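Chemist: just to be clear, the model below is a prediction. Sequence and coordinates:
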Amino acid sequence: MNLSPYIATLLYRYECVIIPGFGAFLTHAIPARKEGDPPQFYPPAKALSFNALLQANDGLLAGYIAQKENSSYEIALQNLREEVSRLKRVLDQQNHLTFNSIGTLTRDRQGKLSFEPDSSQNYLKQAFGLAPVYVPQWQAPTSATPKVKSLPQQAPSFPYARYAAVGLLAIGLSVFGSMYYFNQQIEQHNFAERQKAIKQVENQIQQATFVVTEPLPAITFAVKKPVGHYHLVAGAFRVEDNAHAQITTLQEKGYPARLLGVSQYGLYQVVYGSYPDKETALQVLRKIQTSENPDAWLLVQETE
């Protein structure tokens, strides 16, 4: 399984994409900037970084893989775990790992990870297709004085020739000014039309690339409210539909699973069940961690 295309697509839409058990790619917007002399102007962008401490599964990547591969969430999660094991082996053997169109992870001799993002990619949708602009050093144009042929000297008895020359010069300057104004209008018109065409192309590209299918309808469950504030967390999901899908799976296995609520980080928390005392909760947690989910954990929280 190649995770790079899935991660790259999600980075356009989200600020954090977690690879469960491996780490997370994070983005934050940066404004347009100028660098170098002569200057080069860069469009607004999303700066990309990697955090190896964020490894908890939020359901985003696995849910997106399941959607794109038309498989169940459980199968997608299992395939994702196998791919993470392979990525760790490659990193251990080669001390570097490249994600296409994203960047390269490198491990030094002390075991510290560093990340070098792909500078050719910009994951800010609003700046899609915009490239850096190089501006050479600007110099004021030298004013060219138009050469005017000197008129032959006329006898003082013919003053009308002088006025005729002045009239011809005025007409020439007027025609030159009109042509210059006309050319300026044409250039402005062409520039405006080019901007419209570029905007239409960008809209078409965004529509073709970033159209997201309609989310699945929310599923409601009539479950008897558990008593107790010791909760066994099965997972925290960024997408609510993935949380409900996990609840359905756990209930089919016989757990009194439910949606505990939304955490302070905006994640939907799914629990195996809630228990009134800590000892009972820990006994059930050990069984779950041994049999099916080593990532399950105990949350102590009072519920309304």
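Modeler: Received the coordinates, thanks.

Chemist: measure the spatially closest residue to Phe99 that is not a sequence neighbour to Ala257 for me?
Modeler: Spatial nearest neighbour of Phe99, excluding adjacent residues (C-beta to C-beta, 6 or more residues apart in numbering): Ser4 at 4.7 Å. Every C-beta, even on glycine, is put in place using the N, C-alpha and C of the backbone. For Ser4, the distance to Ala257 (C-beta to C-beta, to the nearest Å) stands at 33 Å.

Chemist: doesn't Leu61 fall inside a helix?
Modeler: Yes. Looking at Leu61 with DSSP: H, G, I helix; E, B strand; the rest coil, it is inside a helix.

Chemist: is it true that it touches Tyr6?
Modeler: Yes. With contact defined as C-beta atoms under 8 Å, Leu61 reaches Tyr6; the gap is 6.5 Å.

Chemist: ok, Ser4 and Ala257, which is more surrounded?
Modeler: For Ser4 versus Ala257, the count of surrounding residues by other C-beta atoms under 10 Å is larger for Ala257: 23 against 12.

Chemist: element containing Glu116, please.
Modeler: Element membership of Glu116, judged by DSSP states H and E, is strand 113-117.

Chemist: who does the closest residue in space to Ala234 that isn't next to it in sequence bridge with?
Modeler: Excluding its sequence neighbours, the residue lying closest to Ala234 (C-beta to C-beta, 6+ apart) is Val270, at 4.8 Å. With beta bridges defined as DSSP bridges, Val270 has these partners: Gly235, Leu259.

Chemist: on that earlier part again, for the residue nearest to Phe99, list the residues it contacts.
Modeler: If a contact means C-beta atoms under 8 Å, 6 or more residues apart in numbering, then Ser4 has Phe99, Asn100, Ser101, Ile102 as its contacts.

Chemist: now stretch 85-105: average pLDDT?
Modeler: Averaged over stretch 85-105, pLDDT sits at 92.

Chemist: tell me the buried residues in that stretch?
Modeler: Judged by neighbour count (16 or more other C-beta atoms under 10 Å), stretch 85-105 contains these buried residues: Leu87, Leu91, Leu97, Phe99, Ile102, Gly103, Leu105.

Chemist: just the terminal-to-terminal distance for that stretch.
Modeler: Stretch 85-105 has an end-to-end distance of 16 Å (criterion: C-alpha to C-alpha, to the nearest Å).
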